[in-house]
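Chemist: kindly return the folded structure for what I paste below:
(2 chains)
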Amino acid sequence: MKFSYSWLQEYIREKLPKPKKLAELLTMHSFEVGEVHPVKSSKAGAKQFNGVEKMGPARIATRSVAGGKDWLLDIDILPNRSDCFSHTGICRDIAAITNSRFQIPDSRFQIPDSRFQNSLKIEIKDKELCPRYTARVITNVKIASSPKWIQERLKICGLKPINNIVDILNYVMLEMGQPLHAFDLNKIESVSFKSQTPNPKQIPNSKFQIPNKPKTIIIRRARLGEKIITLDGEKHNLDEDILVIADLKNLLAIAGIKGGKKAEIDKKTKNIVIESANFDPVSIYKASRKLNLRTDASLRFEHKLDPNLTELAINRAVSLIQELAGGEAREIVDFYPKKVLPKKIKLDLNYIEKLLGVKISRKEIIKILKSLDFKTIQYLKSNIQYLIVEVPTFRLDISIPEDLIEEIGRIYGYENILACSPLVYLSPPKVNEKVIYRNKIKDILVDLGFSEIYNYSFLSQKDVEIYRLKEVLELENPISEKQKYLRPSLIPNLLKNSKENSKYFKETKIFEIGKIYSSSFSPPHQNFGSGGKEKEKLAGVIFQKGIKGERLFYEMKGIVDSLLNQLGIANIQYDDYFKNEGWENEIFHPQKTAQIRIDGDFIGWLGEISPFITKTLDFKEPIVVLEIDIEKLIKYAREEKIYLPPSKYPALIRDLAILVPRGTKVAEVLNEINSRGGPLIRDIDLFDTYEGENIPEGMKNLAFHFVYQSDDRTLTDKEVDEIQKKIVWELENELGWQIRK
Amino acid sequence: MSTQEIKKKYPKEILQAKDLKGLDLVWKKYLGRKGEINKILKNLKKLSGKERINLGKEVNQLKKEIAEKIEKKKRILEKKIFKVAVKKEQVDVTAPGKKFPQGYLHPLTQIIREVEEIFQSLGFLVAEGPEIETEYYNFDALNVPENHPARDLWDTFWLRGSQKIPNSKFKTRLLLRTHTTSVDIRYMEKNNPPLRIIVPGRIFRHEATDASHDIQFYQLDGLMVDKDISVANFKAIIEIFFQKFFKRPIKMRLRPSFFPFTEPSFEVDIDCLVCQGKGCSICSGTGWIEVIGAGMVHPAIFRAAGLNPKNWQGFAFGMGIDRLAMMKYKINDIRLFYGGDLRFLNQF
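Modeler: Coordinates of the predicted model:
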């Protein structure tokens, strides 16, 4: 919010620190100050300003910066400090920080003429939404431009000058923080018996029709379908959630947000009603968002204002209007059924020290509170020293002792609180296993040549279509079509990464660990809704330019083996792909995909992307991916290692090539060999798979290394050859496999 | 040849051998199967006892001598050969080495690990929570009521189709969490103080993106609660953290701020890394960089978590991990973290 330096000076008796210094002090004790820069007023403005100074708009000594030069301070008012959306509000803080004296603006004006009464009636239909409504009629004003000094100040604060009445009301808003509005009294409908046959729907409460034709202002909720044209000429459709100011026939304003065209002040206006009201912040907040209409008034009301401010502000406005636009003030009309009184808070002095971690003297504490207009009474009860603090009603942010401690802390200065290490019992830090294993998984994959990616959690409409994703969670308010859904798999974005990186790299190995989301995951717990719609996954993608066949599949399988082994997981099993209900049906090649299982428990997929998808994404080569559930991986991971001591005796190697029907699984062959070979076979390694030329149709050739070894003696060629011969004989004769010699 | 003759001749012949082939001929001539030494040995049995013993000794001695000398000469010759051969061979030390496939950890992972290590050394436990959060945990429990301007501090992504149950304490309207502070409540519901936790994690904001704003980023929230944890304690912990993280002494300042879940609230600035506080474009000329939002836990938060605010007090803070990474590595665009471009990621 923009503030004028010279204007601030008006409410401080002592000379203010220089603008930059003032900004620094405010930053350290109240609010962060952004921009601070000089503004040049026009010459006319400056002159006028000096002229007015003698006359004294506020009848106080105004110190202007030399030559009409002023400074703009852009102050970032915190949202709980509605009292500071004004120059006087900021000055209260400045007075406390700089140890100077604050003075409120003068608001004396001529006593109203009591002959004119009852010219205005106020009718509040919804007292909850309008705790106070103060209004005053002024007759015979002269509409003109406002004086240059007002115009200059409005401009510095970002407001456009319009005419003297509107400008004065805006001026008082910037000065005191209370939004004000003026209606042209003559444009407000008054009831006359002969001319009006009021629609009973429009005037539900007809007892307020008063014979001497007073003007009636009604504060009520809008009806669904009602429309208003605001001062800027925009038309707004209203409903029951929006509070309006109306007369018996028309809508005059959207309460607390913007005035209507109907009773606008124009050049011919003579008699006016000034409104100084207090509205319910939630109602204004909702209405302003519903209408997408944010104004200087709505900003202040939605942050909640002190109802006691309406009278002070209206008096100040009347005083300025009489001075600058003439006119006679009439009786005040004030609807204020529940007067807001100052709160009292009990403040334990020891608690201040305990919470801030610094000892501040009682004297200092009281001085700080007083400088902020708090009243204090001291008590001493059974050795506990405490204060009863009376909070001024404009400090709506203060309701508990901690709020007061913040006031004391910030004015005292956080820089004066010295760092002090906490005293705590020594306890071994607990560790989060999940974090440790997640880090370990990442390290293993990086060692295996994978680079880690962080993708967005979102997918586009197009992604959802390509992968035919189901049960996808959708955003109610997406930023763009590209980021409209929450990813139910890490794979689509990783494939995009592979594609993009294939422009620069021949080979890419990438992985991501992150959350995936789906509405199909178990619904959130009735009360707590924790994590029911997300799971953590690990996904990896290998891409290699020019690669053909299944090599990548086996590379990825080797990676999975290596990962699981290093996590201490044994009993890994790979099963054929099964058709299921999920998105996997679209993404995987059903003949080239495996389920990964640990102790029979399904933990994820490993496989080639379906040719349909690779074609859609414009890949020429097969791509292999994996997606594993992190929770399950961590569940099976083990820290302990089991080892076998290496044998002291030499090993003997035999090779064997077996011709088997094409559909035969390697695992089957290994099982058959192991069951026949006995304990001396230490290891069997598949080193080649071949089909094609020189191999009969429908067959494939598997070549193995056999490693024979004993833990207690050196094996002889003879005994190994005998075992090998027995295996060969049985494979040929019992299974009908052909051994290639 | 007699031993005398051999003794006289062979050194000369070894000396004259110019290459291994020549030397091999010398070896054959004396030590070969049909060589001079064998010839003498064959005739040895014709001699009588004592003579045989003496000559035998002498011949064997000679045989050893010749073998040694040939071997010596051989090494000299071989050295010469290698010298020549080595001159012909050469590697180009400037040619590139064989490329091994190498993986890289994401820079944010590295920063998160560093941060976690520092806080773990100070006794903090890493806690985690869901990214899809309820309105209750993200806002209401944190003292941010509905239709309050304070909500505007967090632009929120809402999930379609999640309905609010009226009058229920725990609203089920779902959103993408706007901070990991929601985990503070979840943790305190299940764990009694004293406690020290940090909560790193992905968060989301519904806002226009540019070089310093993105719709998702990482936050680190911290919480320390005990009987008498104070602002002074907070200053100490955070100062230690930054000095360890940036590996230099830092200047730090606290400014008043407002967060619904802390009272008092403050913002923490540290002196700009680039200009060391002199003022530059990075710190918009102020010399300070805002790094943390923090404060003393508001009593309403303790109550929401089922704790009695009279018994406990503590501090909470939140900082942007992406921002820390950007400061540490001097990265000028936050969106690089989520672009998946290996030309960027493979530099960390």
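Chemist: what comes up buried for the longest helix seen in chain B?
Modeler: Counting residues, the longest helix found in chain B (DSSP state H) is helix B:49-88. Under the neighbour-count criterion of 16 or more other CB atoms under 10 Å in any protein chain shown, helix B:49-88 has B:55, B:59, B:62, B:63, B:66, B:70, B:73, B:74, B:77 buried. All C-beta spots, glycine's among them, are computed from the backbone N, C-alpha and C.
Chemist: what about the stretch 101-250 of chain B, any weak spots by pLDDT?
Modeler: B:162-171 (pLDDT under 70).
Chemist: in it, which spans are strands?
Modeler: Under the criterion DSSP state E, counting those that start in this stretch, the stretch 101-250 of chain B contains strands at B:125-126, B:132-134, B:174-176, B:195-204, B:216-226.
Chemist: got CSV for those, with distance to chain A and mean neighbour count too?
Modeler: Shown next, in CSV, are the strands of the stretch 101-250 of chain B (distance: least, CB to the nearest CB, whole Å; neighbours: other CB atoms under 10 Å in any protein chain shown):
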stretch, distance to chain A, mean neighbour count
strand B:125-126, 4, 20
strand B:132-134, 4, 27
strand B:174-176, 7, 26
strand B:195-204, 7, 23
strand B:216-226, 6, 23
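Chemist: residue 246: how many residues sit nearby?
Modeler: Using chain A. By the criterion of other CB atoms under 10 Å in any protein chain shown, residue A:246 has 26 neighbours.
Chemist: nope, chain B please
Modeler: Neighbours of residue B:246 using other CB under 10 Å come to 14.
Chemist: could you do residue A:434 as well?
Modeler: Residues near residue A:434, counting by other CB under 10 Å, number 14.
Chemist: re the thing from before, mind putting the strands of the stretch 101-250 of chain B in JSON lines, distance to residue B:285 included?
Modeler: Formatted as JSON lines, the strands of the stretch 101-250 of chain B follow (distance: least, CB to CB, whole Å):
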{"stretch": "strand B:125-126", "distance to residue B:285": "37"}
{"stretch": "strand B:132-134", "distance to residue B:285": "38"}
{"stretch": "strand B:174-176", "distance to residue B:285": "35"}
{"stretch": "strand B:195-204", "distance to residue B:285": "29"}
{"stretch": "strand B:216-226", "distance to residue B:285": "25"}
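Chemist: the domain parsing of chain B - what is it?
Modeler: B:3-88, B:107-345 (automatic domain parsing).
Chemist: over to chain A?
Modeler: If you go by automatic domain parsing, chain A breaks into A:2-98, A:120-335, A:343-416, A:433-636, A:652-740.
Chemist: can you give me the end-to-end distance of the first one?
Modeler: Counting by CA to CA, to the nearest Å, the length from the leading to the trailing residue of domain A:2-98 is 21 Å.
Chemist: got it, and the second one?
Modeler: Across domain A:120-335, the terminal residues are separated by 12 Å (CA to CA).
Chemist: centre of the chain to it, how far?
Modeler: Relative to the mean C-alpha coordinate of its chain, domain A:120-335 is positioned 34 Å out (CA atoms, centre = their mean, to the nearest Å).
Chemist: is chain B contacted by that domain?
Modeler: Yes - counting by CB under 8 Å from any CB of the partner chain, chain B is contacted by domain A:120-335 at A:281, A:282, A:285, A:286, A:302, A:303.
Chemist: let's test this: mean pLDDT of that domain, rounded?
Modeler: Across domain A:120-335, the average pLDDT comes to 88.
Chemist: and if you look at the fourth one?
Modeler: Here domain A:433-636 scores 89 as its mean pLDDT.
Chemist: end to end on that domain, go ahead and measure it.
Modeler: Using CA to CA, the two ends of domain A:433-636 sit 12 Å apart.
Chemist: next one: it to chain centre, how far?
Modeler: 28 Å.
Chemist: kindly report the same for the first one.
Modeler: Here the centre of mass of C-alpha atoms in domain A:2-98, compared against the chain's by CA atoms, centre = their mean, lies 33 Å away.
Chemist: that one near chain B anywhere?
Modeler: Yes - contact of domain A:2-98 with chain B (CB under 8 Å from any CB) involves A:27, A:28, A:29, A:30, A:31, A:32, A:78, A:79, A:80, A:81.
Chemist: phi first, then psi, for the third one.
Modeler: This means residue A:29. Backbone torsions of residue A:29, given as degrees, to the nearest 10, read phi -120, psi -20.
Chemist: count the residues that sit near it.
Modeler: 21.
Chemist: what's it in contact with, if anything?
Modeler: Counting by CB atoms under 8 Å, 6 or more residues apart in numbering or on different chains, residue A:29 touches A:93, A:96, A:97, A:410, A:411, A:413, B:256.
Chemist: try the first one
Modeler: Shown in contact with residue A:27 (CB under 8 Å, 6+ apart): A:33, B:255.
Chemist: residues touching the residue nearest to residue B:115 when sequence neighbours are not counted, list them.
Modeler: Nearest residue to residue B:115, sequence neighbours excluded (CB to CB, 6 or more residues apart in numbering or on different chains): residue B:220, at 5.9 Å. Residues in contact with residue B:220, defined by CB under 8 Å, 6+ apart, are B:112, B:115, B:180, B:198, B:199, B:200, B:318, B:319, B:320, B:321.
Chemist: which stretches of the stretch 201-348 of chain B form helices?
Modeler: Under the criterion DSSP state H, counting those that start in this stretch, helices of the stretch 201-348 of chain B are mapped to B:231-246, B:299-304, B:321-329, B:342-345.
Chemist: need the ones you listed in CSV with distance to residue A:562, can you?
Modeler: Rendered in CSV, the data for those read as follows (distance: least, CB to CB, whole Å):
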stretch, distance to residue A:562
helix B:231-246, 33
helix B:299-304, 46
helix B:321-329, 29
helix B:342-345, 22
